[in-house]
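Participant: any chance you could fold what I've pasted below:
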Amino acid sequence: MIRVLIVEDHASFRQALAAVLSLEPDLTIGGQLGTGEVDAALAAAADADVAIVDLELPEGDGVGIVEALRQAARPVPSVVLTGLRDDRELGRAIEAGAAAVLTKTAEMIAIVDAVRVVAAGGSVLPPEVTSQRLRALARDRERRWRSELLANELTAREIEVLEHLVYGEGNADIGARLGISPETVQTHVRNLMAKLGATSRLHAVSLALQHELVDPP
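Facilitator: Below is the predicted model of the structure:
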């Protein structure tokens, strides 16, 4: 008998999933949890063979639970079942050790099959889709790394000037707001454009928003 732990914060969905899985002759529900607390998940998984884990959970997240269950003294493999479709987040789950990643639109037979495969020591991670998700995660990390480098390159004053450029303000208006001359503003604009590799003020604004250096208007 395969004992299944369900970690899902929406009670109605969790209870419905548990009811359907219980109809299978080789599956039984070993526990239900509605929080993302890692310690609670480890305790609930003490006798589980497989955990079905949502990624969006209060007081934590599913990725942390997937990783903790994989690294536990008695490892418990996870089937991620989520409403998220962001490849970056799904890539995080795979990196954390999820043995299967399914969306909540999946057919119930697919969920049941995944639980059985994972309980037997296998995985349900199609190579092409898995590669796509891991690449998306890698690209996101590279973007964040570049953003951090750029943020460290810019001075506090240059960030202030950028924040005003986002609103389309000219040198005179920015200077009046910051208490500096329009010529000084222009110097800051020239310097920050060089650091960002921007070819125009509009390009600088676009890069600043892309790298989350300033808040959008």
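Participant: neighbours of Gly170, how many?
Facilitator: Using other Cβ atoms under 10 Å, Gly170 has 12 other residues around it. Heads up, the C-betas are built off the backbone N, CA and C, glycines and all.
Participant: packing partners of the worst-scoring helix or strand of the chain on mean pLDDT?
Facilitator: In the chain, the helix or strand scored least confidently by mean pLDDT, DSSP states H and E is helix 127-153, which has a mean of 85. Here helix 127-153 touches helix 87-96, helix 182-196, going by 3 or more Cβ pairs under 8 Å, 6 or more residues apart in numbering; DSSP states H and E.
Participant: of those helices, which is nearest Ala45?
Facilitator: Nearest of these to Ala45, taken as Cβ to Cβ: helix 87-96 at 14.8 Å.
Participant: just say helix, strand or coil for Gly30.
Facilitator: strand (DSSP: H, G, I helix; E, B strand; the rest coil).
Participant: and Glu212, what is it in contact with?
Facilitator: Ser147 (Cβ atoms under 8 Å, 6 or more residues apart in numbering).
Participant: how far away is it from Glu163?
Facilitator: From Glu212 across to Glu163, the span is 12 Å (Cβ to Cβ, to the nearest Å).
Participant: the least confident helix or strand of the chain to helix 182-196, inter-axis angle?
Facilitator: 150 degrees (axes from the mean of the first three to the mean of the last three Cα atoms, to 10 degrees).
Participant: what helices or strands is the next helix or strand after helix 127-153 leaning on?
Facilitator: Later in the chain than helix 127-153, the nearest helix or strand by DSSP states H and E is helix 156-165. Helix 156-165 is packed against helix 171-178, helix 182-196, helix 201-210, with contacts defined by 3+ Cβ pairs under 8 Å, 6+ apart.
Participant: ok, the nearest residue in space to Gly36 that is not next to it in sequence - how many residues close by?
Facilitator: Closest residue in space to Gly36, ignoring its immediate chain neighbours: Gly60 at 2.6 Å, by Cβ to Cβ, 6 or more residues apart in numbering. Neighbourhood size, Gly60 [other Cβ under 10 Å]: 17.
Participant: so what's Gly60 up against?
Facilitator: By Cβ under 8 Å, 6+ apart, the residues touching Gly60 are 35-38.
Participant: give the bridge partners for it, please.
Facilitator: When bridges are called by DSSP bridges, Gly60 pairs up with Leu57.
Participant: pretty sure Asn191 sits against Glu158.
Facilitator: Yes: here Asn191 reaches Glu158: they are 6.4 Å apart, a contact under Cβ atoms under 8 Å.
Participant: higher neighbour count, those two?
Facilitator: Per other Cβ under 10 Å, whichever of Asn191 and Glu158 has more neighbours is Glu158, with 19 against 16.
Participant: so the closest residue in space to Pro75 that isn't next to it in sequence is in which element?
Facilitator: Closest residue to Pro75 apart from its sequence neighbours, by Cβ to Cβ, 6+ apart: Leu69 at 6.8 Å. Assigned by DSSP H and E, Leu69 belongs to helix 62-71.
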